[in-house]
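K.L.:
got a sequence here, can you build the structure:
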Amino acid sequence: MSSTAATGTVTGRETSSRPVSGRFELLTYLGSKLAAAVVSFFVTLVIGFTIFSLMPSDPVRTLTRGRPTSEAQLAHLRLQLGLDKPIWERFLSFVNDTLHFRLGYSWQFQQSVSSLVADRLWPTLLLMGTAMILSVTLGLWLGVRSGWRQGSLFDRIASSTSLTLWSVPTFWLGMILLVVFSVGIGPIPSLFPAGGMSDPALPQSGFGHYVDVARHLVLPCLTMVLVVFAQYVTIMRSSIIDELGSPYLLTARAKGLTDADVRRKHATPNALLPSVTMIFMQLGTLVSGAITVEAVYSWPGLGYLTYQALQIPDLPLLQGTFVVFSASVIIMNFLADVVYRYLDPRVRAQ
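P.N.:
The predicted structure follows:
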């Protein structure tokens, strides 16, 4: 009896220690990923500040272009904008402002960068969120069926089409769609607006406004979907092909499951893991938007705001949007690592 009791005590201690050990491993894992995210953020701050500071354009002369300005006035304006300070002092000020959530004041718009980012955030989320949902849905659907029918006519058409669109420059595809569907060619009439998010001549509220926004959304969203969905097709197709020879699929077929059930219930869930990582990486760029697409269609989002800031260059605005872009990518990569740990037991076993 004493031996049994001792055995039970040891077993109980081992059982109770497992949750503690698991929690410690989880905290260690999260701590390492969080530390890596912080280091990555500071590295991107250094890189971003260096790139913007080395730009050859003179912001002061650009801001005063077309107006008679003396050298004394130019010097006074540089003093007001802080461009007369040493670069190391400007860098420390930039880091300090970033850590205190101050993004500066736009030279071009005469408005705080934080308010500009807040105003442009919703259009970018609307465009990129819609494009993301459509790209993921279409890409995963095509990828699963292409991989499942490897070498078939469907596979060849889907793979070649997606890879061709993936290799097309985004700005070129956007201009082609703009010319074809907005300007109209031959018998093709002008179907969609050429740019902007809504028609200022129409009421800015009500059902008619939502329809107008949807019409303006079609072409930029279509451009993004055609370029992005190929990534999901390629990754999902490769993952499905890797799963085709797995023993568990043979076991599922031996149990009498139909081909569609084997694909949907067994092959697809296991093949989704690489795609989950890609989805979170794409979510990181969701806030930053697509500068090219927003510039082509004059979509009033963060990407177009960055394009406008580059024309001066408006350094506080460029640095502010850069901080937002970098933070969104790093945060989403951190969340991808966390989610991947729960989805893939092999990561937890490391």
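K.L.:
the stretch 101-250 of the chain: helices as residue ranges?
P.N.:
Listed from the start of the chain, the stretch 101-250 of the chain has helices (DSSP state H, counting those that start in this stretch) covering 113-148, 153-167, 170-178, 207-243, 247-254.
K.L.:
whoops, I mixed them up, the stretch 251-350 of the chain
P.N.:
For the stretch 251-350 of the chain, applying DSSP H, counting those that start in this stretch gives helices covering 259-262, 268-284, 291-296, 302-310, 315-343, 345-348.
K.L.:
present those helices as CSV; the columns should include mean neighbour count, mean pLDDT and distance to Pro123.
P.N.:
The way it works is simple: take the backbone N, C-alpha and C, and place the C-beta from them, glycine included. Compiled in CSV, the helices of the stretch 251-350 of the chain are given as follows (neighbours: other Cβ atoms under 10 Å; pLDDT from 0 to 100; distance: least, Cβ to Cβ, whole Å):
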stretch, mean neighbour count, mean pLDDT, distance to Pro123
helix 259-262, 13, 80, 40
helix 268-284, 18, 77, 17
helix 291-296, 22, 87, 8
helix 302-310, 23, 87, 8
helix 315-343, 20, 82, 14
helix 345-348, 11, 56, 36
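K.L.:
with distance to Ser152 as extra columns, can I get the ones you listed in JSON lines?
P.N.:
Rendered in JSON lines, the data for these read as follows (distance: least, Cβ to Cβ, whole Å):
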{"stretch": "helix 259-262", "distance to Ser152": "14"}
{"stretch": "helix 268-284", "distance to Ser152": "18"}
{"stretch": "helix 291-296", "distance to Ser152": "33"}
{"stretch": "helix 302-310", "distance to Ser152": "38"}
{"stretch": "helix 315-343", "distance to Ser152": "29"}
{"stretch": "helix 345-348", "distance to Ser152": "31"}
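K.L.:
closest to Tyr248 out of those?
P.N.:
For the helices of the stretch 251-350 of the chain, distance to Tyr248 was read as Cβ to Cβ. The smallest value, 8.2 Å, belongs to helix 268-284.
K.L.:
for the closest one, C-alpha coordinates in CSV please.
P.N.:
Provided in CSV are the C-alpha atoms of helix 268-284 (Å, rounded to 0.1, in the frame of the first residue of the first chain):
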residue,chain,number,x,y,z
THR,A,268,-7.4,20.5,-46.9
PRO,A,269,-7.2,21.1,-43.1
ASN,A,270,-3.6,19.7,-42.9
ALA,A,271,-2.6,21.6,-46.0
LEU,A,272,-3.9,24.9,-44.7
LEU,A,273,-1.0,25.6,-42.3
PRO,A,274,1.4,27.3,-44.8
SER,A,275,-1.5,29.3,-46.1
VAL,A,276,-2.3,30.5,-42.6
THR,A,277,1.2,32.0,-42.3
MET,A,278,0.8,33.7,-45.7
ILE,A,279,-2.6,35.1,-44.8
PHE,A,280,-1.2,36.7,-41.6
MET,A,281,1.8,38.1,-43.5
GLN,A,282,-0.7,39.6,-46.0
LEU,A,283,-2.7,41.0,-43.1
GLY,A,284,0.4,42.9,-42.1
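K.L.:
other SSEs contacting that helix?
P.N.:
In this structure, helix 268-284 makes packing contacts with helix 113-148, helix 207-243, helix 315-343, judged by 3 or more Cβ pairs under 8 Å, 6 or more residues apart in numbering; DSSP states H and E.
K.L.:
export those to a markdown table and tack on distance to Met278?
P.N.:
Compiled in a markdown table, those are given as follows (distance: least, Cβ to Cβ, whole Å):
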| stretch | distance to Met278 |
| --- | --- |
| helix 113-148 | 9 |
| helix 207-243 | 6 |
| helix 315-343 | 9 |
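K.L.:
using CSV, lay out the helices of the stretch 101-250 of the chain together with distance to Ser298, mean pLDDT and mean neighbour count.
P.N.:
Supplementary listing: those in CSV, determined by distance: least, Cβ to Cβ, whole Å; pLDDT from 0 to 100; neighbours: other Cβ atoms under 10 Å:
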stretch, distance to Ser298, mean pLDDT, mean neighbour count
helix 113-148, 11, 90, 20
helix 153-167, 23, 88, 14
helix 170-178, 10, 87, 17
helix 207-243, 9, 88, 20
helix 247-254, 50, 79, 12
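K.L.:
any chance of those in TSV, with distance to Val43 too?
P.N.:
Formatted as TSV, the entries for the helices of the stretch 101-250 of the chain read as follows, by distance: least, Cβ to Cβ, whole Å:
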stretch	distance to Val43
helix 113-148	22
helix 153-167	29
helix 170-178	27
helix 207-243	25
helix 247-254	42
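K.L.:
state the mean pLDDT of stretch 35-46.
P.N.:
Average pLDDT, stretch 35-46: 87.
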